[in-house]
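Asks: got a predicted structure plus its sequence, pasted below:
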Protein chains: 2
Amino acid sequence: MRPTVHDIAAAAGVSLATVDRVLNLRPGVRTVTREKVEKAIERIGYIRDVAAANLAKSRIYPLVFILPAGDNSFMRGLEAEIRAAIERSAFERTQISIVTVPAFDAPALQAALEEAHAIRPAGIAVVAVDSPEVAASVNRLRDDGIPVVTLVSDLSGSNRDHFAGVDNTAAGRTAGNLMGRFLGERPGPVAVLAGSMLVRDHRERLEGFRAVLDAEFPGRTILPVLEGHDDPTEAERLVRGALETHPDIAGIYSLGAGNRGLITALKTSPSKPCVIAHELTPHTRRALQDSLIDAVLNQDAGHEVRSAIRVLKAKADGLAVIGAQERIRIDIFLKDNLPFDEARTPREDL
Amino acid sequence: MRPTVHDIAAAAGVSLATVDRVLNLRPGVRTVTREKVEKAIERIGYIRDVAAANLAKSRIYPLVFILPAGDNSFMRGLEAEIRAAIERSAFERTQISIVTVPAFDAPALQAALEEAHAIRPAGIAVVAVDSPEVAASVNRLRDDGIPVVTLVSDLSGSNRDHFAGVDNTAAGRTAGNLMGRFLGERPGPVAVLAGSMLVRDHRERLEGFRAVLDAEFPGRTILPVLEGHDDPTEAERLVRGALETHPDIAGIYSLGAGNRGLITALKTSPSKPCVIAHELTPHTRRALQDSLIDAVLNQDAGHEVRSAIRVLKAKADGLAVIGAQERIRIDIFLKDNLPFDEARTPREDL
DNA sequence: GAATTTTTGATGTACGTAAATCAGAAATTA
DNA sequence: TAATTTCTGATTTACGTACATCAAAAATTC
C-alpha cells in the first residue's frame, strides 16, 4: 500500500496536524521538527494523492487563454480546441476563459495580460508576440506566482514556465530539406511567404529554412520575404505579384497563415511551383489533395491546448511534467497520409 | 456548483442509498424508481466525480502488457516506455506487468493471453500477431468484460476495444510518396525489407507503399519482398545479397525492424541507394545523421503506451475517450528535424 | 521562576463517492 | 387479511487529504 499522511506521522513520531503543517507549508513548526517530518517523508517515499487533495480542497483551476483575433483558420481551429477543452472542464476541474486580441499587436497583448493578471487565475496560456513589454508582463505574472505557458509562438527574454509548441527552427529546416529534394534539378528561385517577423515562430522557421537551403542546396536563390500579415487578401496579392515578377519561381514556402490567398493565387498561376505550407486547415487540406500544395507541416492544435492545460495545472500544484509527453511534434502531411477528416476540424467557412 | 449524488436524491425524491443502487447497478430497485432516478440524473446533468469515486473505491487498475521478446530496438524501447509508466503507477493508480513472448509466434501469444486472462486484470494491451487463434482469445477476454487494446500491430477479426498504433497503410503510402519524389529521375528498382507478413502492420505498410508507387510512379519496379524476421543478422544477409544481385537498386524501403543489419550492409555497399526506414532508434538516428538513411517514419512508443493506458482505464470504467487525443501520428524524421536525444532513448547497446 | 510566546497534539468536519447494515415500507403471494 | 418477499430509507464508515479549533506542552522571554 502506498504510504499516507498517517504513515508519515507514525514514522516521524509526530501528530497528523504537524505533518499537515509541514506538507502545506503552514507556520508554527520548529525547524528540527520540520526536518524530522521531511526526513520521514523521504524515507517512506510518501507521494501526495493529488486527487484526494483536490477533492478536499474542492480545487478548480481558473485558466486564461489569450490568442490573436482575426480571420486565421489555424487560430480559429486553436480556439475550437480550447472550447472543446471547456466542454471537458467538469472532468478536469478547470474553468477556462478565452481572450482574443488583435494579431501582431504587442500593446494590446500586454493589456490583455495585465487584465488577466488582475483576475489572479491559476495559470495563463498565451500566443506570444515577441516583444520586451510582453516579456515584462509575463515576468510580473511569474513573480506573482502565476504560471505562464506560451502557446504556438514563444517569447524571448521571459521566464515563462513552458512553451507548448513545435521547434520552429526544426520545422523550417525540414521545409528546406523537403523543398530542396522535391525540386531536385529544377531551376528557379524560391519565394517565402510569412505573416510577420514580429512573432518568433515565423522568424525561426525562416531561419531554419534558409540555413538548410544555403548549406545543402547552394545555388538555390531565396527571394526577399513577402510579409502577408496572415491575411488571405494580402497574401494573394503578394504571391500573385511575385509570380508575375519572377515567372520562373520553382518553389514557395508559406511559413505563416493566409494560405487561402496563396491557394487562390496558385490556381490561376500559369506555372506550377512546388509548394510547402504550414498548418493543416480545410483549405490546405483540399489544396494538398488537389496537388496544389506538395507538403504541409502541421502542429496539432488539440495537442497544444491539452498540453498547455496539463502543464499549467502541474505548475500550479508545483508538480513535475512528463517532458516527452509535452513535446509537440511536427507533423508532415503529404496527400497520402492525411488524417481522416473529423468533426473537430474547423468548419469550412472559417 | 457541479451536482452531486445528494442533488440527484433530492431531485428524484429518493434516498441516497437508492441513487447509489442505480448508479452502481446494484440490485433491489424497482424499474419505475430506477427510471425516476435516471431521469433526474439526466435532468440535472450529473457527472460522476471519477477522482472521488476512485478514492472511495481505493481503485487500482491491474494492467498487462504483452509484447514480443528478442533483440528488437523498437520493442525494447517500447518496453522501456512501459517501465517508465510503471514508475508513474503510484500517481496513476495502475499496477502494470509486462509479459514477453517469442516474436511472430501466434500459439505463444495465445498462451500468454490465456494466462493473463486467468489473472483477471482491468485491461490488457498486446502487440498482436494477426491470427484467428489470437483473435479468438481476445474475443473471449472481451466477452468476459476485460478490455483489450492492440498495440503497434492490429488484430483482424477481433472486437478489441482500441488500436494504439499508427495507420500503417498511410505510413506505407507516405514512404512510397517520399521514395518516388526523392528518387526523381534516378533509374533502378526498389527493394523492400520486411519483418514478417504474419503481422498486420508490415502487411499494411507494404500494401500502401506498393499502391502509391504503382499509381503515381509507374515504371518503378519493386523487387520481391525480403523477409528478415526483424533480425539484424538475417536482414544484413538479405540486403547484401539483394545489392549484389541487383547493383542498380535505387531505393530501399525497410518497413520492419532489424535496421542495424540493413545499416551494416549499406556501409559496405558500393552504391548509395535512397533509404527509407521505420522507427527512430539509436541506430536509425545515427544512420540518418550520417546520411545513410534519407528518412525515418516513426511511431512514438511513449505516446502509444500512455494512450493504451488511458484507453484501458477509460474502458474499464465505461468512460468515453477523446478520439483525437488517442490518434497516434506518423512522425517523419529527416536529419533536420531529429528530436533532441533524451535519457528516455533506448540505450546504445540494445 | 513566573509569565509569555511558540510549538505540538487531539479532534472534528469537509470534499464526493462507495459500500455496508438494518429497519421499515411497499408490493407480492398465499 | 396475513405472511412473505421485495424495495427503499436512514445511517454509518471509509478513501486520503485539507483545514480549523482548542487544549496542552514546550520553549522563550523577562
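Replies: Thanks, I have it. Quantities reported herein were computed from a predicted structural model and do not represent experimental measurements. Numbers count the residues shown, from 1 in each chain, chains lettered A, B, ... in the order given.
Asks: show me where the stretch 1-150 of chain A has its helices.
Replies: Here the stretch 1-150 of chain A has its helices, by DSSP state H, counting those that start in this stretch, at A:5-12, A:16-23, A:31-44, A:50-57, A:73-87, A:89-92, A:106-119, A:132-143.
Asks: turn those helices into CSV, including distance to residue A:256, mean neighbour count and mean pLDDT.
Replies: Where C-beta positions appear, they are placed from N, C-alpha and C, glycine not excepted. CSV is the format used below for the helices of the stretch 1-150 of chain A (distance: least, CB to CB, whole Å; neighbours: other CB atoms under 10 Å in any protein chain shown; pLDDT from 0 to 100):
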stretch, distance to residue A:256, mean neighbour count, mean pLDDT
helix A:5-12, 52, 18, 95
helix A:16-23, 48, 18, 95
helix A:31-44, 50, 15, 94
helix A:50-57, 39, 14, 93
helix A:73-87, 9, 20, 96
helix A:89-92, 31, 16, 86
helix A:106-119, 17, 17, 97
helix A:132-143, 19, 18, 96
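Asks: pipe these into JSON lines and attach distance to chain B per row.
Replies: Listed next are the helices of the stretch 1-150 of chain A as JSON lines, based on distance: least, CB to the nearest CB, whole Å:
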{"stretch": "helix A:5-12", "distance to chain B": "14"}
{"stretch": "helix A:16-23", "distance to chain B": "16"}
{"stretch": "helix A:31-44", "distance to chain B": "12"}
{"stretch": "helix A:50-57", "distance to chain B": "4"}
{"stretch": "helix A:73-87", "distance to chain B": "8"}
{"stretch": "helix A:89-92", "distance to chain B": "5"}
{"stretch": "helix A:106-119", "distance to chain B": "20"}
{"stretch": "helix A:132-143", "distance to chain B": "24"}
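Asks: helix, strand, or coil at the residue in the stretch 101-250 of chain A positioned nearest to chain B?
Replies: Residue nearest to chain B within the stretch 101-250 of chain A: residue A:173 (3.6 Å; CB to the nearest CB). Here residue A:173 is recorded as helix under DSSP: H, G, I helix; E, B strand; the rest coil.
Asks: so who does it touch?
Replies: A:208-209, A:211-212, B:336-337 (CB atoms under 8 Å, 6 or more residues apart in numbering or on different chains).
Asks: per-residue pLDDT, the closest residue to chain B within the stretch 251-350 of chain A?
Replies: Closest residue of the stretch 251-350 of chain A to chain B, CB to the nearest CB: residue A:336 (3.6 Å). We have a pLDDT of 86 for residue A:336.
Asks: how many neighbouring residues does it have?
Replies: By other CB atoms under 10 Å in any protein chain shown, 22 other residues sit near residue A:336.
Asks: tell me where the model's unsure across chain A.
Replies: Residues of chain A meeting the criterion pLDDT under 70: A:341-350.
Asks: hmm, try it at 90
Replies: Confidence mapping of chain A against pLDDT under 90 gives the ranges A:1-2, A:71, A:88, A:90-92, A:184-185, A:317-325, A:329, A:335-350.
Asks: closest residue of the stretch 101-250 of chain A to DNA strand D?
Replies: For the stretch 101-250 of chain A and DNA strand D, the shortest gap (CB to the nearest atom of the strand) falls at residue A:122, measuring 13.4 Å.
Asks: do you know how far that residue is from DNA strand C?
Replies: As for residue A:122, its distance to DNA strand C is 18 Å (criterion: CB to the nearest atom of the strand, to the nearest Å).
Asks: neighbours of that residue, how many?
Replies: Neighbours of residue A:122 under the rule other CB under 10 Å: 21.
Asks: go ahead and confirm it touches residue A:62.
Replies: Yes: between residue A:122 and residue A:62 there is a contact under CB atoms under 8 Å: 5.4 Å.
Asks: residues in the stretch 151-300 of chain A within reach of chain B, list them.
Replies: A:167, A:170-171, A:173-174, A:176-178, A:181-182, A:184-185, A:208, A:212, A:300 (CB under 8 Å from any CB of the partner chain).
Asks: if we use 10 Å, what do you get?
Replies: A:166-167, A:169-178, A:181-186, A:208-209, A:211-212, A:215-216, A:274, A:294-295, A:297-298, A:300 (CB under 10 Å from any CB of the partner chain).
Asks: wait, residue A:113 sits on residue A:119?
Replies: No: Residue A:113 is beyond contact range of residue A:119, at 11.0 Å (criterion: CB atoms under 10 Å).
Asks: what is in contact with the two at once?
Replies: Common neighbours of residue A:113 and residue A:119 (criterion: CB atoms under 10 Å, 6 or more residues apart in numbering or on different chains): residue A:64.
Asks: including distance to residue B:253, could the helices of the stretch 1-150 of chain A go into JSON lines?
Replies: Shown next, in JSON lines, are these (distance: least, CB to CB, whole Å):
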{"stretch": "helix A:5-12", "distance to residue B:253": "56"}
{"stretch": "helix A:16-23", "distance to residue B:253": "56"}
{"stretch": "helix A:31-44", "distance to residue B:253": "52"}
{"stretch": "helix A:50-57", "distance to residue B:253": "46"}
{"stretch": "helix A:73-87", "distance to residue B:253": "33"}
{"stretch": "helix A:89-92", "distance to residue B:253": "42"}
{"stretch": "helix A:106-119", "distance to residue B:253": "47"}
{"stretch": "helix A:132-143", "distance to residue B:253": "47"}
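Asks: which of the contacts of residue A:173 are buried, as a ChimeraX select command?
Replies: The ChimeraX command for the buried members of these (criterion: 16 or more other CB atoms under 10 Å in any protein chain shown) is given here:
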select /A:208,209,212 /B:336,337
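Asks: just put the contacts of residue A:173 in a markdown table and tack on secondary structure and distance to DNA strand D.
Replies: Putting these into a markdown table (DSSP: H, G, I helix; E, B strand; the rest coil; distance: CB to the nearest atom of the strand, whole Å) gives the following:
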| residue | secondary structure | distance to DNA strand D |
| --- | --- | --- |
| A:208 | helix | 44 |
| A:209 | helix | 48 |
| A:211 | helix | 48 |
| A:212 | helix | 49 |
| B:336 | coil | 45 |
| B:337 | coil | 41 |
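Asks: what's near enough to touch the nearest residue to residue A:196 once chain neighbours are set aside?
Replies: Sequence neighbours aside, residue A:104 is the residue nearest to residue A:196 in space, at 4.8 Å (criterion: CB to CB, 6 or more residues apart in numbering or on different chains). Residues in contact with residue A:104 (CB under 10 Å, 6+ apart) are A:68, A:70, A:129, A:131, A:195-199, A:202, A:229-230.
Asks: try 8 Å
Replies: A:68, A:129, A:195-196, A:198-199, A:229-230.
Asks: and these near DNA strand C, which?
Replies: With CB under 7 Å from any atom of the strand as the criterion, the contacts of residue A:104 include none near DNA strand C.
Asks: got these as a markdown table, with secondary structure, neighbour count and distance to residue B:289 columns?
Replies: Listed next are those as a markdown table, based on DSSP: H, G, I helix; E, B strand; the rest coil; neighbours: other CB atoms under 10 Å in any protein chain shown; distance: CB to CB, whole Å:
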| residue | secondary structure | neighbour count | distance to residue B:289 |
| --- | --- | --- | --- |
| A:68 | strand | 26 | 37 |
| A:129 | coil | 24 | 35 |
| A:195 | coil | 26 | 32 |
| A:196 | coil | 16 | 34 |
| A:198 | coil | 17 | 34 |
| A:199 | coil | 25 | 30 |
| A:229 | coil | 19 | 37 |
| A:230 | coil | 26 | 35 |
